[in-house]
Structures are given as C-alpha cells and as structure tokens.
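Visitor: what shape does this take:
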Amino acid sequence: MKALQGVEGRVEWVEEPSPTLDAGQVRIKVAAAGLNRADLLQRSGHYPPPPGVTEILGMECSGVIAEVGPGTAWEVGDRVCALVAGGAMAEEVVVDSRHVLPVPEGISLHEAAAIPEVYATAWLNLFQLAGLKPGEKVLLHAGASGVGSAAIQLCKAFGNPVWVTVGSAERLAYCEALGAQGGVLRNENLDALNDFAPFHVILDPVGANYAALNLKVLGVDGRLVLIGLMGGSKSELDFAKVLGKRIHILGSTLRSRDDQFKADLLSDLGQHVMPLFSEGRLKPQLARSFPISEAEAAYAELATNQVSGKVILVIDDSLV
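Guide: Now for the predicted structure:
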C-alpha cells in the first residue's frame, strides 16, 4: 500500500507493507485523513509516535471497512471514521474496532475525516476531565483551530457560553458564527478578557505565554486544561492565585492513552456527540481539502496558523 511518511522535515507518499489484521480489529480503506498540529510536529521530528505505533503519519481518518477480524461487530462496507495513534494517512489502516464510529447520516466521508480527533479532544477535556456543567463559562485559546471549532459547537449544544482568543478579526467572526459569545485578538489587548471573566474552564493549547492571564481570568474553583505548548513550556506562576481561587490545573494528551481509555472515550462520544451531527447541531468544519499528491501543500497550509477549522487529505476520491 501507499502511505505518507515524514522524511527530514517533509512528507513523502511511499510504499509500505500492508498492516496485519488481528482479532478485535478492522481494516479500513481510507477515503480521507484529518491533518492535526501533531502531524506537523511528527513530520519535523519533534513528536515521535508512542512505542509500538507505526511511523506513518495521521491520527484520524474516514473510509469504508474492507475487512473485519474476529470479535468485531462491524461489517464490510460500513462507512466509518476512526481515531488512531498513527497510520491514518495511508491507503488502508488497521484499527481497534472500538476506536471506530459510524459516519453520521448526512455527513460525507470527506467531512467525517474532520471529526474524530478534534471532537474527541474537545469532549474529553471540557466535559470529562474539566467536568463542565450547563451554564458554566468557557474560554478557548486558539478558538478558530480544529479543536476550538469543535469545542465552540459542543459548548453551544450543551448550554455553555464560550469566549475565544484568536489571531484576526476574520477568525473572531468565524468563531462567533459557530456560537461564541465574543473574544479578543491575541495581538491586541488580551486584558479585555477581564470584561467577560471570571471563567469556569479554560482550554489552552498555548501554554507559557498565557499562564499568568489564565490564572487572572479564572474564577474560584476554575479549571485550566493544558493541551499544547504552542507558546512555550516554561513560565512563572503566582501560586497565591492558584491557592486562593482553588484552581485545578490539568495536563492532558490523547494520543498516548491506552486502548481501553480510547475505547471508553469513543463510546461516550458515540452516545452523546455523534447523534448531534445527524440533528444538524454539529457540523464538521472543513476549511480545505488537498489531494494526497499535494500533501506538502496541506502541511504548509496548516503551518500558517491561519486555518479556521480543519484541513484534510483526500486519499481516495472515489469514496465519498
């Protein structure tokens, strides 16, 4: 089969052995794969896959089941999307059958490639780890990102007012169209967030640059969930604020979680989130799609940090 590999800071579509299929797994003929910031890091050599995971790029995909192993409930021909630790950017991928979800009615396979990683990340961190309750206020940094776009929609669907930080007026308008109450531009006066504070939960992929700000605008018993370090990993913290406000600081990653954790997460996602796509309350935010022959251009597009929503790579355009 053909698969996408990161080679010295670039990507190449190369021949790779087809993965073997074991009990409890399914083989998916891949239609499209979602592109995530982790893929950028892996391509550049800064984010190797977990031990035992293929070095083929890609952590989410959509497609059609081509083969099923013993002990699975899926059938050949089922239209699905899947969360994987690696290997999604290939003509086929083998995945734990518990990490697979049916494509919602009314959603194309190309759109479905933009669902698993970002909606699982948003659901895990806001609703499972932070324990977000209806009515609680949320601040999303990088609100126009793939995760941010998913999180805004989930917050709207479950009754949580949400504000964002973004890089431009256009991206702020995009977030407001999805359901955000408002927000601020990161290159202007971030202290304007005080007008909307205090927040109950902050979802932060930035890290060090926003550390002091986060403590300032969180309320009593606020929860800060750190999911990335785009703004650096080291910062001084005023622990008097952490103590005085009883702030919870949570560090969270998804890719390295074990199979059972992901199975439980996907089961929860299937029950509470996926039906909302068919109801029209959630919509995959597909910013742009690229054929696999233009994979390098797709990576370059995401690296601009100007993408609102998700970029996908189309592996097989005959599957829609």
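Visitor: which phi and psi does residue 225 have?
Guide: Backbone torsions for residue 225, taken as degrees, to the nearest 10, come to phi -110, psi 120.
Visitor: for it, give the beta-bridge partners.
Guide: Here residue 225 sits in beta bridges with residue 203, residue 250, going by DSSP bridges.
Visitor: so which residues of the stretch 51-200 of the chain form helices?
Guide: 109-112, 116-122, 146-157, 169-178 (DSSP state H, counting those that start in this stretch).
Visitor: got those as TSV, with mean neighbour count columns?
Guide: Heads up, the C-betas are built off the backbone N, CA and C, glycines and all. Shown next, in TSV, are those (neighbours: other C-beta atoms under 10 Å):
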stretch	mean neighbour count
helix 109-112	23
helix 116-122	26
helix 146-157	26
helix 169-178	18
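Visitor: relative to residue 284, which of those helices is closest?
Guide: Residue 284 lies closest to helix 109-112 among the helices of the stretch 51-200 of the chain, at 4.3 Å (C-beta to C-beta).
Visitor: who wins for proximity to residue 316 among the helices of the stretch 51-200 of the chain?
Guide: Comparing the helices of the stretch 51-200 of the chain under C-beta to C-beta, the one sitting nearest is helix 109-112, at 8.9 Å.
Visitor: so where's the longest helix in this protein?
Guide: Scanning the chain for the helix with the most residues, using DSSP state H, yields helix 259-272.
Visitor: contacts for whichever helix or strand comes after that one, please.
Guide: Counting by DSSP states H and E, the next helix or strand C-terminal to helix 259-272 is helix 275-278. Helix 275-278 has contacts (C-beta atoms under 8 Å, 6 or more residues apart in numbering) with 104-107, 115, 157, 282-284.
Visitor: so which of those is the closest to residue 69?
Guide: The closest of the contacts of helix 275-278 to residue 69 turns out to be residue 115 (C-beta to C-beta; 23.5 Å).
Visitor: what is the strand ranked longest in the chain packed up against?
Guide: If you go by DSSP state E, the chain has its longest strand at strand 25-35. Contacts defined by 3 or more C-beta pairs under 8 Å, 6 or more residues apart in numbering; DSSP states H and E place strand 25-35 against strand 60-68, strand 79-83, strand 92-96, helix 109-112, helix 116-122, helix 295-303, strand 310-314.
Visitor: show me what the fifth one is packed against.
Guide: Judged by 3+ C-beta pairs under 8 Å, 6+ apart, the packing partners of helix 116-122 are strand 25-35, strand 60-68, strand 79-83, helix 146-157, helix 259-272.
Visitor: what of the first one?
Guide: Counting by 3+ C-beta pairs under 8 Å, 6+ apart, the packing neighbours recorded for strand 60-68 are strand 25-35, strand 79-83, strand 92-96, helix 109-112, helix 116-122.
Visitor: can you add distance to residue 231 and mean pLDDT and give these back as CSV?
Guide: Compiled in CSV, the helices and strands packed on strand 60-68 are given as follows (distance: least, C-beta to C-beta, whole Å; pLDDT from 0 to 100):
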stretch, distance to residue 231, mean pLDDT
strand 25-35, 21, 98
strand 79-83, 26, 98
strand 92-96, 32, 98
helix 109-112, 30, 97
helix 116-122, 18, 98
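Visitor: now render the ones you listed as JSON lines, adding distance to residue 215.
Guide: Formatted as JSON lines, these follow (distance: least, C-beta to C-beta, whole Å):
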{"stretch": "strand 25-35", "distance to residue 215": "32"}
{"stretch": "strand 79-83", "distance to residue 215": "32"}
{"stretch": "strand 92-96", "distance to residue 215": "39"}
{"stretch": "helix 109-112", "distance to residue 215": "38"}
{"stretch": "helix 116-122", "distance to residue 215": "22"}
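Visitor: who wins for proximity to residue 300 among the ones you listed?
Guide: Residue 300 lies closest to strand 25-35 among the helices and strands packed on strand 60-68, at 10.8 Å (C-beta to C-beta).
Visitor: how far off strand 92-96 does the closest one point, in degrees?
Guide: Put simply, strand 25-35 runs at 110 degrees to strand 92-96, going by axes from the mean of the first three to the mean of the last three C-alpha atoms, to 10 degrees.
Visitor: spit out the contact partners of residue 49.
Guide: 42, 55, 85-86, 255.
Visitor: possible to save those as CSV with neighbour count, distance to residue 133 and pLDDT?
Guide: Putting those into CSV (neighbours: other C-beta atoms under 10 Å; distance: C-beta to C-beta, whole Å; pLDDT from 0 to 100) gives the following:
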residue, neighbour count, distance to residue 133, pLDDT
42, 23, 35, 93
55, 13, 41, 95
85, 21, 31, 95
86, 22, 35, 96
255, 19, 27, 95
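Visitor: pLDDT score for residue 188?
Guide: Model confidence at residue 188, given as pLDDT, is 83.
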